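Enquirer: coordinates only, sequence not included:
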C-alpha cells in the first residue's frame with residue numbers, strides 16, 4: 001500500500017513556502033516538514049511591474065524544496081508524492097507572469113497555478129474551518145505581502161469574501177515611494193475594505209499569515225486586542241528594522257514591514273468592531289488546505305503524482 005505525500009509550494013509576495021505532509025492514521029494532516037525562502041518577489045513587481053531577475057531565485061528555491069522532498073520521502077515506506085505550486089498577489093499582477101511560469105516549469109517540471117484573490121480567501125477559510133468550527137458571525141483575515149483577503153461568515157458558512165491590495169510589502173512600498181498615486185491607492189483600498197465590511201459585525205476574528213505569526217511570536221499571545229497592537233506599534237516605530245530584530249526577535253524579512261501589517265490589522269478590527277484577533281495553533285493557512293485537498297485527490301491516481 002502506497003503512502004500519499006503532498007508537497008505544496010506557495011509563492012507569496014514576501015516569501016516562498018514549502019509544506020510536505022501525509023495523512024496520519026486517522027486521516028488528518030500530518031506535517032512532515034515546513035520551510036520557507038525569503039524571496040520578496042512583491043518588491044520587484046510592485047516597483048517595476050515584473051518579476052525579472054527574481055525568476056532564477058524562484059527556480060533555485062523550488063529545486064531546493066524538491067531535494068528536501070526527495071530526502072524526506074526516503075525514510076517513508078512506499079511513498080507516492082504529488083506536487084502543487086500556487087502563486088498569489090505578486091505573480092498574479094506581474095506583467096511577465098507567463099514567462100515566469102514557463103521558465104519555472106521548464107526547469108522544475110512543476111507548473112505554477114495562479115490563485116485569484118477570491119480563491120485565496122476560500123482556501124484560507126477552509127484551513128480554519130477544518131481546525132475549528134466557527135460559531136456565530138465571524139471574520140477570517142489572511143494578510144500577506146501583497147494582499148489582504150477577508151471572509152465574512154456565519155456559523156461556519158461564508159457569506160462573502162474579497163481581496164484588498166493592502167498587503168504589508170505593498171503598503172510599505174507605497175510609504176517608501178511617497179508618491180501621491182501610490183498613497184492614494186492605499187487610501188482607496190482602505191475605503192473599499194470599510195465598504196465591504198458595511199454593517200457586518202464579527203464576534204470571532206481569526207487571523208492567518210506571516211504578520212499574525214510574527215505578532216504571536218513576539219507577544220507570546222494567541223489573542224491580541226487593538227490596544228495591544230497599538231502598544232506594539234508605538235514600541236516598534238522608533239526602531240530600525242535591525243533593532244526590531246535584535247531587541248524583539250522579529251524575522252529580518254518581517255522587521256521592515258511590521259508597521260503597515262499592524263495598521264492593516266487595526267483598520268480591519270476597527271471596521272468590523274471586533275474585540276481581538278485570534279491566531280489558531282496548528283493552522284498553517286492555504287498550504288495546509290491545499291495539502292489536504294491533494295491528499296484526497298491522491299486516492300485516485302493523477303498524472304502529476306509520481307512514486308519515488
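Expert: Right, received. Where do you want to start? Keep in mind that this is a model prediction, so the values were computed, not measured. Residues are numbered from 1 along each chain as shown.
Enquirer: On the pLDDT front, check the residue nearest to residue 42 when sequence neighbours are not counted for me.
Expert: The shortest distance from residue 42 to any non-neighbouring residue, by C-beta to C-beta, 6 or more residues apart in numbering, is to residue 13 (3.0 Å). Where C-beta positions appear, they are placed from N, C-alpha and C, glycine not excepted. We have a pLDDT of 96 for residue 13.
Enquirer: List the residues that contact residue 13.
Expert: Applying C-beta atoms under 8 Å, 6 or more residues apart in numbering to residue 13 gives the contacts 40-42, 45-46, 88-90, 144-147, 167, 169-170.
Enquirer: Can you list phi and psi of residue 198 for me?
Expert: Here is the backbone geometry of residue 198 (degrees, to the nearest 10): phi 60, psi -130.
Enquirer: picking up where we left off before, now the residue nearest to residue 42. Its backbone dihedrals?
Expert: The phi/psi pair for residue 13 (degrees, to the nearest 10) is phi -80, psi -20.
Enquirer: roughly how far apart are it and residue 74?
Expert: To residue 74, residue 13 is 33 Å away according to C-beta to C-beta, to the nearest Å.
Enquirer: repeat for residue 188
Expert: Computed with C-beta to C-beta, the distance linking residue 188 and residue 74 is 51 Å.
Enquirer: So for the two, which sits in the more crowded spot?
Expert: Neighbour count, other C-beta atoms under 10 Å: between residue 188 and residue 74, residue 188 has more, with 12 against 9.
Enquirer: Now for the more buried one, which secondary structure element holds it?
Expert: helix 180-197 (DSSP states H and E).
Enquirer: got the contact list for that helix?
Expert: Residues outside helix 180-197 that contact it (C-beta under 8 Å, 6+ apart) are 148, 150, 152, 160, 162, 164-166, 170-171, 173-175, 267-268, 271-272.
Enquirer: And stretch 66-79, by the same measure?
Expert: Applying C-beta under 8 Å, 6+ apart, the contact partners of stretch 66-79 are 1-5, 7, 18, 20, 22, 32-33, 35, 81, 83, 108, 110, 307-308.
Enquirer: do that again at 7 Å, thanks
Expert: 1-3, 5, 7, 18, 20, 32-33, 35, 81, 108, 308 (C-beta atoms under 7 Å, 6 or more residues apart in numbering).
Enquirer: Ok, stretch 292-300 next?
Expert: So stretch 292-300 is in contact with 4, 6, 23, 29, 80, 82, 84, 130, 305, going by C-beta under 7 Å, 6+ apart.
Enquirer: at 6 Å what do you get?
Expert: Residues lying outside stretch 292-300 but in contact with it, judged by C-beta atoms under 6 Å, 6 or more residues apart in numbering, are 4, 6, 23, 29, 82, 84, 305.
Enquirer: Please name the nearest non-neighbouring residue to the third one.
Expert: Counting by C-beta to C-beta, 6+ apart, residue 295 is the residue found nearest to residue 23 once chain neighbours are left out, at 5.5 Å.
Enquirer: before we move on, which element is the one you found in?
Expert: Using DSSP H and E, residue 295 falls in helix 286-297.
Enquirer: neighbouring strands for the helix or strand where residue 31 lies, and are they parallel or not?
Expert: In this structure, residue 31 sits in strand 29-37 according to DSSP H and E. Applying DSSP bridges, strand 29-37 is found paired with strand 16-23 (antiparallel).
Enquirer: what angle separates the partner strand from helix 286-297?
Expert: Angle of strand 16-23 versus helix 286-297, following axes from the mean of the first three to the mean of the last three C-alpha atoms, to 10 degrees, is 40 degrees.
Enquirer: in strand 16-23, what's buried?
Expert: Neighbour-count burial for strand 16-23 flags 16, 17, 18, 19, 20, 21, 22, 23 (criterion: 16 or more other C-beta atoms under 10 Å).
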